[in-house]
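Engineer: can't give you the sequence, but here's the structure:
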């Protein structure tokens with residue numbers, strides 16, 4: 001938190017925490033360091049792992065934000081003072097990023113009531129060529145197999161079973177699980193067809209409003225780097241994430257517009273058939289993440305209480321998608 005620790009002058013340093021990272025915001029840049037945590041689906045418990053995944057984050061995010069992701073720097077100690085950079089033995093690492101204007105983050109634009117279809121058109125214009133050029137092939141196609149998709153769902157259910165009676169009811173837990181399993185069985189031919197159509201790609205994996213900046217251009221940042229199982233997948237799973245986030249924040253009309261226009265622009269009408277399934281999955285994942293935050297002892301008590309409420313709301317939204325998807329299937 002000491003401004004003197006940074007390689008460029010800064011008047012102040014602000015700390016933002018997530019369940020897996022510390023992000024230090026200076027006047028012009030942001031520096032992300034990973035927490036030494038093991039959550040099962042990610043493992044940052046060694047310095048070598050944290051260094052590796054910061055480099056992965058740098059490379060992967062340059063696909064959509066080449067001017068934002070700058071370099072991975074060592075954190076060193078020189079004459080008893082912590083500093084970013086330097087030639088002493090690294091005690092930690094941080095990813096240096098150009099700071100984007102906070103007031104232009106998509107969630108803040110939406111909160112001010114300024115989000116318009118034109119913004120979504122810009123996002124679609126960025127995403128359609130990104131998906132068309134994203135890597136695919138036999139290895140990545142494996143992640144479109146119904147069995148592996150089922151594994152991702154079952155892992156979520158296993159990691160959240162102890163939340164029953166705390167953040168979601170047993171009835172809701174079972175409703176969501178039943179919907180996901182039935183959809184995978186009933187639509188197996190469609191899942192396999194999407195593999196044949198090359199709809200399984202090396203996607204973003206974390207496409208929600210807080211990871212999009214609507215500034216001089218559209219910046220889509222902070223993709224999943226720590227587990228390719230969460231990044232490789234159906235394009236519909238990526239699209240479903242942002243559509244779900246728009247729903248969550250009360251923009252259902254814009255959510256529908258975004259999904260329908262992207263399906264047309266990418267020549268993928270079946271994306272809309274998959275939408276409730278993947279929106280349900282994404283809402284459940286966000287509930288899980290909020291639950292992890294609520295249990296993080298480093299978070300302030302008020303932040304943990306807010307995270308609990310957020311988790312409950314995401315789980316309820318997942319239940320709504322499960323109901324809608326089950327009716328559609330029937």
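Structural biologist: Looks like it arrived, so ask away. Here the structure is a predicted model, which means the values were calculated and not measured.
Engineer: Poorly predicted segments of the stretch 101-250 of the chain, please.
Structural biologist: Counting by pLDDT under 70, the stretch 101-250 of the chain has no low-confidence residues at all.
Engineer: Would you state the helices of it in chain order?
Structural biologist: 106-111, 117-133, 138-141, 146-160, 170-186, 188-196, 228-231, 235-248 (DSSP state H, counting those that start in this stretch).
Engineer: helices and strands around the fifth one, which ones?
Structural biologist: Think helix 170-186. helix 146-160, helix 271-294, helix 301-329 (3 or more CB pairs under 8 Å, 6 or more residues apart in numbering; DSSP states H and E). Quick note: C-beta positions are derived from backbone N, CA and C, even for glycine.
Engineer: Could you identify which of the helices of the stretch 101-250 of the chain is most buried?
Structural biologist: Between the helices of the stretch 101-250 of the chain, helix 235-248 has the highest mean count of neighbours, a mean of 26, where neighbours are mean count of other CB atoms under 10 Å.
Engineer: so which of the helices of the stretch 101-250 of the chain gets nearest residue 38?
Structural biologist: Smallest distance to residue 38 across the helices of the stretch 101-250 of the chain (CB to CB): 12.5 Å, for helix 146-160.
Engineer: Now stretch 38-55: average pLDDT?
Structural biologist: Mean per-residue pLDDT for stretch 38-55: 95.
Engineer: And the helices and strands packed on helix 170-186: which comes nearest residue 216?
Structural biologist: helix 271-294 (28.5 Å).
Engineer: Give me the angle between that closest one and helix 301-329.
Structural biologist: 160 degrees (axes from the mean of the first three to the mean of the last three CA atoms, to 10 degrees).
Engineer: Okay, buried residues for helix 271-294 please.
Structural biologist: 271-294 (16 or more other CB atoms under 10 Å).
Engineer: tell me what that helix is packed against?
Structural biologist: helix 146-160, helix 170-186, helix 188-196, helix 235-248, helix 252-265, helix 301-329.
Engineer: Reformat these as a markdown table; add distance to residue 212.
Structural biologist: Shown next, in a markdown table, are those (distance: least, CB to CB, whole Å):
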| stretch | distance to residue 212 |
| --- | --- |
| helix 146-160 | 23 |
| helix 170-186 | 26 |
| helix 188-196 | 25 |
| helix 235-248 | 8 |
| helix 252-265 | 11 |
| helix 301-329 | 19 |
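Engineer: between the helices of the stretch 101-250 of the chain, which one is nearest to residue 257?
Structural biologist: helix 117-133 (5.8 Å).
Engineer: can you list contacts of the closest one?
Structural biologist: For helix 117-133, contacts defined as CB atoms under 8 Å, 6 or more residues apart in numbering pick out 63-64, 106, 109, 201, 203-204, 212, 214, 217-218, 220, 235, 238-239, 242, 254, 257-258, 261-262, 265-266.
Engineer: again, only using 10 Å
Structural biologist: 63-64, 106, 109-110, 116, 134, 198-199, 201-204, 207, 212, 214, 217-220, 235, 238-239, 242, 246, 251, 253-255, 257-259, 261-268 (CB atoms under 10 Å, 6 or more residues apart in numbering).
Engineer: Correct me if wrong: residue 60 contacts residue 205.
Structural biologist: Yes: in this structure, residue 60 is within contact of residue 205 by CB atoms under 10 Å, at 9.1 Å.
Engineer: what's the overlap in contacts for the two?
Structural biologist: 222, 223, 224, 225, 228, 231.
Engineer: show me what contacts the nearest residue to residue 244 once chain neighbours are set aside?
Structural biologist: Of all residues beyond its chain neighbours, the one nearest residue 244 is residue 279 (4.2 Å), with distances taken as CB to CB, 6 or more residues apart in numbering. Counting by CB under 10 Å, 6+ apart, residue 279 touches 236-237, 239-248, 255, 259, 317-318, 320-322, 324-325.
Engineer: if I look at residue 279, how far off is residue 5?
Structural biologist: Using CB to CB, to the nearest Å, we find residue 279 at a distance of 42 Å from residue 5.
Engineer: thinking again about what came up before, any chance of JSON lines for the shared contacts of residue 60 and residue 205, columns distance to residue 308?
Structural biologist: Formatted as JSON lines, the shared contacts of residue 60 and residue 205 follow (distance: CB to CB, whole Å):
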{"residue": "222", "distance to residue 308": "24"}
{"residue": "223", "distance to residue 308": "27"}
{"residue": "224", "distance to residue 308": "24"}
{"residue": "225", "distance to residue 308": "27"}
{"residue": "228", "distance to residue 308": "30"}
{"residue": "231", "distance to residue 308": "28"}
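Engineer: in stretch 11-26, what's buried?
Structural biologist: 13, 18, 19, 20, 21, 22, 23, 24, 25, 26.
Engineer: Equivalent analysis for stretch 201-213, please.
Structural biologist: Buried residues in stretch 201-213 (16+ other CB under 10 Å): 201, 202, 203, 204, 205, 206, 207, 208, 209, 211, 212, 213.
Engineer: So the third one sits against residue 278, correct?
Structural biologist: No: proximity of residue 203 to residue 278 does not meet the contact threshold set by CB under 10 Å, at 11.3 Å.
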